[in-house]
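>>> My questions are about this predicted structure, shown below with the sequence.
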Protein chains: 2
Amino acid sequence: MKAGELANRFSVNVNTVRHYVRSGLLSPDKDASGYHYFSAEEERQLAFILRARELGFTLDDIRQLLNDATSGESPCPHARELIELRLTEARQKLNSMQSLVSRMESAVREWQALPDCAPCGDHICHLIEGGHHE
Amino acid sequence: MKAGELANRFSVNVNTVRHYVRSGLLSPDKDASGYHYFSAEEERQLAFILRARELGFTLDDIRQLLNDATSGESPCPHARELIELRLTEARQKLNSMQSLVSRMESAVREWQALPDCAPCGDHICHLIEGGHHE
DNA sequence: ATAAACCTGTGAGCGACTCACAGGTCAAGG
DNA sequence: CCTTGACCTGTGAGTCGCTCACAGGTTTAT
Ligand SMILES: [Zn+2]
Ligand SMILES: [Zn+2]
Ligand SMILES: [Zn+2]
Ligand SMILES: [Zn+2]
């Protein structure tokens, strides 16, 4: 199977497949003409990569897990450690996204009552900086 | 005021200030020895940038707003348009972060009941790919 | 034979920093 | 007066996970 076919089968951009090859997550053999040949094993490996990605692992994490498996170790301990780490990070990011959305929604709400400001020289934008004329 | 002093005053990394200078959001004069000199106006402008950043505007957005103000137009219409745009994006990102965190939490919960897998040749990691031995 | 539709490796762009590096400037202390 | 150390400068590169562009090679169909 060649790159495009594999990409279609998994509904990912062919450049994503090529990115994984470039970064060593997939190592397909090459035929005489230089084309990559993805075996059933590479196919399973791509499935693994995509599932791990869905679970929030970074590509470096996935590389680690693949290395474990390749060297005959169980990747589970690393998988458990890493997902805790990534989960902590994801929760932090989620929190900051939540506060951001709240801040933005408040701003939009407050701005509805405010007129557009004319440049008065003291301010760049009264909406953003908060009114000073009251 | 020089870069480091300004950075301290606003509790931001001095490299952030220098990044804004490099990307044209701040344009301090330079003294004879080549040092940047940040006036009260630059200080106000940095405050604006940081506040706009808190509200989810991109640096390009902020550049646009500053351009508006510089050319004597009210930046408010653009501010209103852009914040709606960024809010929509932020909500999408928030949603995807929420589902990610949910997926990760489910995985962690389910994995607690599962033992570490020994490599069986069919799988890379049973935890991540889902058990096949049942 | 030629065109269309694949494939390849490589380089660069995204966003908003952050760090490293080489070299210039300045104040204080001996 | 001179050295030391703490600042400053511009520039280049690294982060992350793609995604696209480009130039050129291969295969397939007409
Ligand atoms: Zn005003
Ligand atoms: Zn305004
Ligand atoms: Zn198994
Ligand atoms: Zn496992």
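Good, I have the coordinates. Ligands and ions are numbered 1, 2, ... in the order given.
>>> Around ligand 4, which positions in chain A sit nearby?
Applying Cβ under 5 Å from the ion, we find that chain A lies next to ligand 4 at A:75, A:76. No exception for glycine: its C-beta is placed from N, CA and C like everyone else's.
>>> Does chain B have contacts with the lengthiest helix in chain A?
The longest helix of chain A (DSSP state H) is helix A:76-112. Yes - against chain B, helix A:76-112 shows contacts by Cβ under 8 Å from any Cβ of the partner chain at A:76-77, A:79-80, A:83-84, A:86-87, A:90-91, A:93-94, A:97-98, A:100-101, A:103-105, A:107-108, A:111.
>>> and chain A, what are its domains?
Listed domain ranges for chain A are A:1-54, A:56-134 (source: automatic domain parsing).
>>> pLDDT on whatever helix or strand comes next after the longest helix of chain A, on average?
Next along the chain after helix A:76-112, taking DSSP states H and E as the criterion, comes helix A:126-129. In this model, helix A:126-129 has a mean pLDDT of 95.
>>> By proximity to DNA strand C, which residue of chain A wins?
residue A:4 (2.2 Å; Cβ to the nearest atom of the strand).
>>> and stretch A:25-36, which residues are buried?
Within stretch A:25-36, the residues scored as buried using 16 or more other Cβ atoms under 10 Å in any protein chain shown are A:25, A:26, A:28, A:36.
>>> nearest residue to the second one other than its sequence neighbours?
Right, the one you point to is residue A:26. residue A:20 (4.6 Å; Cβ to Cβ, 6 or more residues apart in numbering or on different chains).
>>> nearest spatial neighbour of residue A:118, skipping sequence neighbours?
In space, residue A:118 is closest to residue B:74, 5.9 Å off (Cβ to Cβ, 6+ apart).
>>> picking that back up, want to throw the domains of chain A into a markdown table with distance to residue B:11?
Shown next, in a markdown table, are the domains of chain A (distance: least, Cβ to Cβ, whole Å):
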| stretch | distance to residue B:11 |
| --- | --- |
| domain A:1-54 | 36 |
| domain A:56-134 | 17 |
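>>> close enough to count as contact, residue A:58 and residue A:89?
No - shown here, residue A:58 and residue A:89 do not form a contact pair, counting by Cβ atoms under 8 Å, at 9.6 Å.
>>> show me what contacts residue A:116?
Contact analysis of residue A:116 by Cβ atoms under 8 Å, 6 or more residues apart in numbering or on different chains lists B:74, B:76, B:77.
>>> Flag the shaky bits of chain A, pLDDT-wise.
A:131-134 (pLDDT under 70).
>>> again, only using 50
Applying pLDDT under 50 to chain A flags no residue at all.
>>> Apart from its chain neighbours, what residue comes closest to the closest residue to ligand 4 within it?
For chain A and ligand 4, the shortest gap (Cβ to the ion) falls at residue A:76, measuring 3.5 Å. Leaving out its chain neighbours, the residue that sits closest to residue A:76 by Cβ to Cβ, 6+ apart is residue B:116, at 3.7 Å.
>>> quick one: the one you found from ligand 3, how far?
Counting by Cβ to the ion, to the nearest Å, the gap from residue B:116 to ligand 3 is 12 Å.
>>> Check residue A:59 too.
24 Å.
>>> hmm, back to that, now which of the residues of helix A:76-112 next to chain B would you call buried?
For the residues of helix A:76-112 next to chain B, buried by 16+ other Cβ under 10 Å: A:76, A:79-80, A:83, A:86-87, A:90, A:94, A:97, A:100-101, A:104, A:107, A:111.
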